[in-house]
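> Here is my input; please provide its structure:
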Amino acid sequence: MIYYIIIIIVTFIYGYSLFQWNKRIDWRFNSQISKWIKTSHYILIGIVLIDLILITITGFHYRGIWTSRIFIIGFIITGLIIYPFANKKVLKRLERIYFTILGYLPVGLGLFAMIPFLGAIATLSFGLLLIKPVDKVIYNDNNVRIQQCGRGVLGSPRLMIVEKKFLTERVQHDMNGFFMDTYDSLSIEYDKDSIRIILTTEEFHVYDNDTIYENDLYFSIENKKQHTANKRCYEKR
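Residues are numbered from 1 along each chain as shown. Modelled structure (predicted):
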């Protein structure tokens, strides 16, 4: 109940304030600054679209935990501030409609967030994934990053193995239900044609073996108490 009261209050205050500002306040950025913000917004749209196309077709996205998110956040911020603060003389008719819609987007998001269960879970999950992409970086070098991440509000932690390639990277493995506290140690072994990631544990796990994507990466689980190697190995041929 408190959640819905907060959402209603915040949404109303934002929407009403934005409406009154645009109606009663004449102050705006000068034309030069307004053009710069508008141009930056369009550039960020292009960068975000390239990232989306890249990850859809190849699975790769911009390298770095925060890189893509910084572009998305920049796109959102520039879109929100143009409607109330930009000089309207630098906007064409269709641009004014577009930036007006963006300016009131938080109101629409607030209304969506009030949908029982679905709205709250989707909104909070998206917000968490945007501002907290990783819970813990377990290992990181120039070739691979191993991280523990959440999956929204209701999702369990998951292990992500990220392969790095020049200016891009992609997730090579994503395992649900992962808790790093379960494991005793982690080590990385580089061979001529493979990368071996070893996690040791005293806990019981069921043996599993999967081929991951097209790079001949192998995932296995063995139990230390059964006097085996007790490791998870990802081998790249």
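> low-scoring stretches of the protein, by residue?
Low-confidence regions of the chain, defined here as pLDDT under 70, cover residues 151-155, 177-185, 191-195, 198-237.
> Could you list the domains of it?
Described in terms of automatic domain parsing, the domain architecture of the chain consists of the residue ranges 2-129, 134-226.
> Do a quick rundown of the strands in this protein.
Secondary structure of the chain, counting by DSSP state E: strands at 61-62, 136-140, 144-149, 158-165, 168-176, 185-190, 195-200, 209-212, 217-220.
> Could you dump these into CSV with distance to residue 89 and mean neighbour count added?
Placement of C-beta: from N, CA and C, glycine included. Below are the strands of the chain laid out as CSV (distance: least, CB to CB, whole Å; neighbours: other CB atoms under 10 Å):
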stretch, distance to residue 89, mean neighbour count
strand 61-62, 35, 19
strand 136-140, 47, 14
strand 144-149, 45, 20
strand 158-165, 45, 19
strand 168-176, 40, 17
strand 185-190, 57, 12
strand 195-200, 56, 18
strand 209-212, 55, 11
strand 217-220, 56, 18
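> For these, could you give me CSV that also reports distance to residue 5?
Formatted as CSV, the entries for the strands of the chain read as follows, by distance: least, CB to CB, whole Å:
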stretch, distance to residue 5
strand 61-62, 38
strand 136-140, 34
strand 144-149, 31
strand 158-165, 33
strand 168-176, 34
strand 185-190, 45
strand 195-200, 45
strand 209-212, 46
strand 217-220, 46
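> out of these, which comes closest to residue 111?
strand 144-149 (29.0 Å; CB to CB).
> what angle separates that closest one from strand 185-190?
With axes from the mean of the first three to the mean of the last three CA atoms, to 10 degrees as the basis, strand 144-149 and strand 185-190 are set at 150 degrees to each other.
> I'd like the distance from strand 144-149 to the chain centre, please.
Taking CA atoms, centre = their mean, to the nearest Å, one finds the center of strand 144-149 at 14 Å from the center of the full chain.
> biggest helix in the chain by residues?
If each helix of the chain is counted by residues according to DSSP state H, the longest one is helix 31-57.
> Determine the set of other helices and strands touching that one.
With contacts defined as 3 or more CB pairs under 8 Å, 6 or more residues apart in numbering; DSSP states H and E, the packing partners of helix 31-57 are strand 61-62, helix 67-85.
> how about those, which one is nearest residue 8?
Evaluated with CB to CB, the helices and strands packed on helix 31-57 place helix 67-85 nearest to residue 8, the distance being 20.2 Å.
> Would you mind getting the angle between the closest one and strand 168-176?
Using the same axes, to 10 degrees, helix 67-85 lies at 100 degrees relative to strand 168-176.
> Show me which positions of helix 67-85 end up buried.
Along helix 67-85, the positions that meet the burial threshold by neighbour count (16 or more other CB atoms under 10 Å) are 67-69, 71-72, 74-76, 78-85.
> re earlier: how about the longest helix of the chain: buried residues?
34-35, 37-38, 41, 44, 47-48, 51, 54-55.
> got these as JSON lines, with distance to residue 126 columns?
Formatted as JSON lines, the buried residues of helix 31-57 follow (distance: CB to CB, whole Å):
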{"residue": "34", "distance to residue 126": "29"}
{"residue": "35", "distance to residue 126": "31"}
{"residue": "37", "distance to residue 126": "24"}
{"residue": "38", "distance to residue 126": "26"}
{"residue": "41", "distance to residue 126": "21"}
{"residue": "44", "distance to residue 126": "18"}
{"residue": "47", "distance to residue 126": "20"}
{"residue": "48", "distance to residue 126": "15"}
{"residue": "51", "distance to residue 126": "17"}
{"residue": "54", "distance to residue 126": "21"}
{"residue": "55", "distance to residue 126": "17"}
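> Was I right to think residue 78 contacts residue 45?
No: when contacts are counted by CB atoms under 8 Å, residue 78 is not listed as touching residue 45 (9.3 Å).
> All good on my end, thank you.
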